[in-house]
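Undergrad: Could you work out the structure for the sequence below:
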Amino acid sequence: MKGLIENRFGLLALVLVALAALYGVAYASRPAPVVHKPPQAVRAPVGSVTTVCPAPGGSRVSVVTPPGAQAPGAATVAEIQPPTATPEAQPTGKPEGGADGTTKPGTTGQPGTTGQPGTTGKPVATVQRPGVLWQQEIAPGSEPLAIAATGSMAAGLETAQTAREKSGSQRGLAAVRCVEPGANAWFVGPGPAAADVTLYVTNVDAAPADVEIMIYSGEGPVLSDRGSGLVLQPGQHRAVKLRDLAPSPLVMAVEVSTTSGRVAAAVKAVLGEGKGVDWLPIAAEPATRVVVPGIPGTAGLRELYVTAPGEQDTVVQVKAVLKDGSYALKNKESVDVPAGSTATLDMSTGIGGQPAALVLSADVPIVAGLKITGTGTSQDVAFTAGVPPIDLGSVVADARAARKQSSGLVLSAPFAAATVKIQLLPKEGPMPAPFDVQIPAARTKEITLKAPPGSKAGFSVAVQPQPGSGPVYGGRVLTEATPQGLFITTQPLALARTWALVPPTVDSPSAVLP
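TA: Numbering: from 1, shown residues only. Okay, the predicted model is just below:
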């Protein structure tokens, strides 16, 4: 019996040794584990884009696409009219053609159309060469313009309208980046009690758009007895006086959203004769950290607007990013913003006369903008707003440096040192070599732009952050000295329409199930 037991234990030991050897060989020879990475969005070049210049009559419209693309493409400039309207035979303004890459209306093979479903209109021109600036003065009373680009003209397309009036309530410079249609847009600035504020909405798509307008005043959300919703049919555009919806706010934020369809939205503020005029730039979506860039180093008043559209009060911390550092300003470190309302903070003694950006932090999402007032017996105003960094680059369609007009860039690197490459794109003459600008961390730098050699007309500007650069925020400033006071308009640098993030696709039963 004892021998049998010993043999059994010996047999068991042999079995265990054999199993251990087998598992060891299997472990050593097993294939490497497959790492399943979650699908990521893919960056794809923009192949088609449409922008809308909301009220171009009496303005200079600028259209440009950065150079580099070799594939065919075209950008068609045409008036927007409802599809049932009959387009007129004559173009708006005086078309230019030939050397600058444009063709006259009627030579594109598609006269009378913007190339977009649901809209027809009389053509102005077709731009066919990237890297060449097209500009034209548009006759007063013209309809909104749609600029529809495809192929090589779409990636980075930038458009703008700029008006200059010598007298009257519209005296001053008023410029706006022409708008790409979307489902949501925010604006922050003076209210109807302080200015004549007009909202321009345009539908260039083939489907109707249901539009909702929400106003956040200094006293809280405003609901009008007349209603704040409207329906825009394809090709339809409307100018809405915000005084009809909310006559009492001195300051406000406006949210324009759609429950179906898309619209191009823009807001113009006329403060009155001798007080200035300009367009409000589209502000970034509500966020807990907002950067308001592009504040020029000119003298004059600076008024910050902050809106908390949610249901919680908040205290917003304010830091200024100046040429010598970033810090909270004495007695202007914070501003209290009640829920659903807009508050203001006078920043004149803190940043007046200095190029700057403002970094705002809060524990709830906020929207922000800033009013810039020029100097003189007859004042002009300009507006900037919170915007995202220009990680993919930015393009400004309209810049000038002739006679008493000058253009500049105000660039800020609030969080880390940055380097950008600046390329001027002239309307005429050879393209100059690009140059680099370095911005130390937590600093703002103002760059004066000189007209390219041989160019007596306007020019465009492309700004491209370089590899390893920290986040860059900025704005373009356009000024003109007059005997009565300084004309001024600003435009925050926006992300260039060069790339689009295509969301990942995965197999899912929901694609075929009801």
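Undergrad: on contacts alone, who are the packing partners of whichever strand in the chain runs longest?
TA: Determined from DSSP state E, the single longest strand within the chain is strand 356-373. Packing partners of strand 356-373 (3 or more C-beta pairs under 8 Å, 6 or more residues apart in numbering; DSSP states H and E): strand 184-190, strand 287-295, strand 302-308, strand 314-322, strand 381-385, strand 405-413. In short, each C-beta sits where N, CA and C put it, glycine included.
Undergrad: go with 6 Å
TA: Here strand 356-373 touches strand 184-190, strand 287-295, strand 302-308, strand 314-322, strand 381-385, going by 3 or more C-beta pairs under 6 Å, 6 or more residues apart in numbering; DSSP states H and E.
Undergrad: Just the angle for that strand relative to strand 381-385, thanks.
TA: Orientation check (axes from the mean of the first three to the mean of the last three C-alpha atoms, to 10 degrees): strand 356-373 against strand 381-385 gives 150 degrees.
Undergrad: Please tell me how far the closest residue to A71 other than its chain neighbours sits from A416.
TA: Spatially, and ignoring its direct neighbours in sequence, A71 is nearest to S152 (4.7 Å; C-beta to C-beta, 6 or more residues apart in numbering). Distance of S152 to A416, given as C-beta to C-beta, to the nearest Å: 33 Å.
Undergrad: So if I had to pick from these two, which one is more boxed in?
TA: Per other C-beta atoms under 10 Å, whichever of S152 and A416 has more neighbours is S152, with 23 against 14.
Undergrad: Which pLDDT value goes with that one?
TA: At S152, the model reports a pLDDT of 89.
Undergrad: do P82 as well
TA: 66.
Undergrad: likewise G141?
TA: G141 is assigned a pLDDT of 89 by the prediction.
Undergrad: Kindly report the same for P452.
TA: The model reports P452 with a pLDDT of 86.
Undergrad: go on, V124?
TA: Listed pLDDT for V124 reads 86.
Undergrad: in stretch 293-303, what counts as buried?
TA: 293-298, 300-303 (16 or more other C-beta atoms under 10 Å).
Undergrad: measure that stretch end to end?
TA: With C-alpha to C-alpha, to the nearest Å as the measure, stretch 293-303 spans 14 Å from end to end.
Undergrad: Return the distance of the closest residue to V387 other than its chain neighbours relative to G386.
TA: Leaving aside its chain neighbours, V387 sits nearest to P492 (4.5 Å; criterion: C-beta to C-beta, 6+ apart). Separation of P492 from G386 (C-beta to C-beta): 8 Å.
Undergrad: what do you get for S341?
TA: Distance, S341 to G386, using C-beta to C-beta: 17 Å.
Undergrad: Neighbour count: these two, which is higher?
TA: More crowded of S341 and G386, by other C-beta under 10 Å: G386, with 30 against 22.
Undergrad: does that one really touch E285, like I thought?
TA: No: counting by C-beta atoms under 6 Å, G386 does not reach E285; the two are 9.3 Å apart.
Undergrad: Give me the common contacts of those two.
TA: The overlap between the contact sets of G386 and E285 (C-beta atoms under 6 Å, 6 or more residues apart in numbering) is empty.
Undergrad: Within the sheet, what are the partner strands of the helix or strand hosting A78, with directions?
TA: In the assignment (DSSP states H and E), A78 maps to strand 73-79. The strands that strand 73-79 pairs with in its sheet are strand 123-127 (antiparallel), strand 145-151 (antiparallel) (by DSSP bridges).
Undergrad: buried sites along that strand?
TA: 73-79.
Undergrad: same question, stretch 364-384
TA: For stretch 364-384, by 16+ other C-beta under 10 Å, it's 364-374, 376, 378-384.
Undergrad: roughly how far apart are the closest residue to T490 other than its chain neighbours and E428?
TA: Once flanking residues are discounted, T490 sits nearest to A382: 4.3 Å by C-beta to C-beta, 6+ apart. Taking C-beta to C-beta as the measure, A382 falls 28 Å from E428.
Undergrad: looking at the helices and strands packed on strand 356-373, which is buried most?
TA: Using mean count of other C-beta atoms under 10 Å, the stretch among these with the largest mean neighbour count is strand 381-385, at a mean of 28.
Undergrad: right, and the helix or strand after that strand?
TA: Per DSSP H and E, the first helix or strand lying C-terminal to strand 381-385 is strand 394-399.
Undergrad: List the strands paired with that next one, with their directions.
TA: strand 459-465 (antiparallel).
Undergrad: Just list the residues touching V291, thanks.
TA: Taking C-beta under 6 Å, 6+ apart, we find V291 in contact with 357, 359, 473.
Undergrad: tell me the pLDDT at the closest residue to the second one other than its chain neighbours?
TA: The reference is to V359. Leaving aside its sequence neighbours, V359 sits nearest to K319 (C-beta to C-beta, 6+ apart; 4.6 Å). K319 is assigned 97 on the pLDDT scale.
Undergrad: mind listing what K319 touches?
TA: 326, 328, 359.
Undergrad: Could I have the buried ones of those as PyMOL selection syntax?
TA: Selection of the buried residues among the contacts of K319 in PyMOL, burial being defined by 16+ other C-beta under 10 Å:
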select buried, resi 326+359
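Undergrad: now, among the contacts of K319, which is nearest to A146?
TA: V359 (36.1 Å; C-beta to C-beta).
Undergrad: separation between the residue nearest to S455 when sequence neighbours are not counted and K404?
TA: Once flanking residues are discounted, S455 sits nearest to P426: 3.8 Å by C-beta to C-beta, 6+ apart. Counting by C-beta to C-beta, the gap from P426 to K404 is 20 Å.
Undergrad: G393 is nearest to which of the helices and strands packed on strand 356-373?
TA: strand 287-295 (15.1 Å).
Undergrad: mind giving me a markdown table with the helices and strands packed on strand 356-373 and columns for distance to R43?
TA: Output for these, formatted as a markdown table (distance: least, C-beta to C-beta, whole Å):
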| stretch | distance to R43 |
| --- | --- |
| strand 184-190 | 23 |
| strand 287-295 | 22 |
| strand 302-308 | 32 |
| strand 314-322 | 29 |
| strand 381-385 | 26 |
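Undergrad: and of the ones you listed, who's closest to L250?
TA: Taking these one by one with C-beta to C-beta, strand 184-190 is closest: 7.0 Å.
Undergrad: elements contacting that closest one?
TA: Packed next to strand 184-190, using 3+ C-beta pairs under 6 Å, 6+ apart, are strand 251-260, strand 264-272, strand 356-373.
Undergrad: Would you give the sheet partners of the shortest one, along with the direction of each?
TA: Going back to what we said before, that points to strand 264-272. strand 196-202 (antiparallel), strand 276-280 (antiparallel).
Undergrad: how far does it sit from the chain's center?
TA: Centroid separation for strand 264-272 versus its chain: 16 Å, with C-alpha atoms, centre = their mean, to the nearest Å.
Undergrad: how about that strand: buried residues?
TA: Buried, per 16+ other C-beta under 10 Å, within strand 264-272: 264-271.
Undergrad: repeat for the first one
TA: When burial is assessed from 16+ other C-beta under 10 Å, strand 251-260 yields the following buried residues: 251-258.
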